[in-house]
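J.: coordinates for the following, if possible.
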Amino acid sequence: MTETDISAGAWNERGMIQDLDKRGFSYNNCLSELISNSLEEKVNATKSIIRVTNKYIYITDDGNGMNKEELVNMLEIFRSNNSNNKSMGVSGLGFKAATKILSNNTTVTVYTRNKGKWL
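T.: Presented below is the predicted three-dimensional model:
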């Protein structure tokens, strides 16, 4: 690299996270996103249950769950995890935006069980 070369272009993580608030997700959109995740082909759930309290939103389903790699990939921004399956989502943002907005920027805890093992 010479003095006249410029290396430019990077992801601004804080800006991207703030952008999630501006994408127009309503609470209903967010809940729909989380429910649709359990209805996707690879999850294979037949039943989803939503329970809302003053402090928590519980969404459970009877699907396949995720292994550690799938859980990590789900949390990677813009990663589309359904390129080989039917999916309601396209951008790889849904879970991240939905949990950020529904949690009011507080801690989100995800429990998943795959092949009888809890993560």
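J.: separation between the residue most central in space within the chain and G116?
T.: Centroid-nearest residue in the chain, with C-alpha atoms, centre = their mean: F95, separated by 1.9 Å. For F95, the distance to G116 equals 23 Å [C-beta to C-beta, to the nearest Å]. Heads up, the C-betas are built off the backbone N, CA and C, glycines and all.
J.: just to revisit the earlier point, list the contacts of the residue nearest to the centre of the chain.
T.: 33-34, 37, 74-75 (C-beta atoms under 8 Å, 6 or more residues apart in numbering).
J.: repeat for L119
T.: With the criterion set at C-beta under 8 Å, 6+ apart, L119 makes contact with 66-68, 71, 111-113.
J.: rerun that using 6 Å as the cut-off
T.: 68, 71, 112 (C-beta atoms under 6 Å, 6 or more residues apart in numbering).
J.: next helix or strand past the helix or strand encompassing L71?
T.: Take DSSP states H and E as the rule and L71 turns out to sit in helix 68-74. For helix 68-74, the following helix or strand on the C-terminal side (DSSP H and E) is helix 94-102.
J.: could I get the CA-only coordinates of that following helix as CSV?
T.: The C-alpha trace of helix 94-102 is given here as CSV (Å, rounded to 0.1, in the frame of the first residue of the first chain):
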residue,chain,number,x,y,z
GLY,A,94,-35.5,-11.2,11.7
PHE,A,95,-34.5,-12.9,14.9
LYS,A,96,-32.0,-10.3,15.8
ALA,A,97,-34.3,-7.4,15.2
ALA,A,98,-37.3,-9.1,16.8
THR,A,99,-35.5,-9.9,20.0
LYS,A,100,-33.8,-6.5,20.2
ILE,A,101,-37.1,-4.7,19.9
LEU,A,102,-39.2,-7.0,22.0
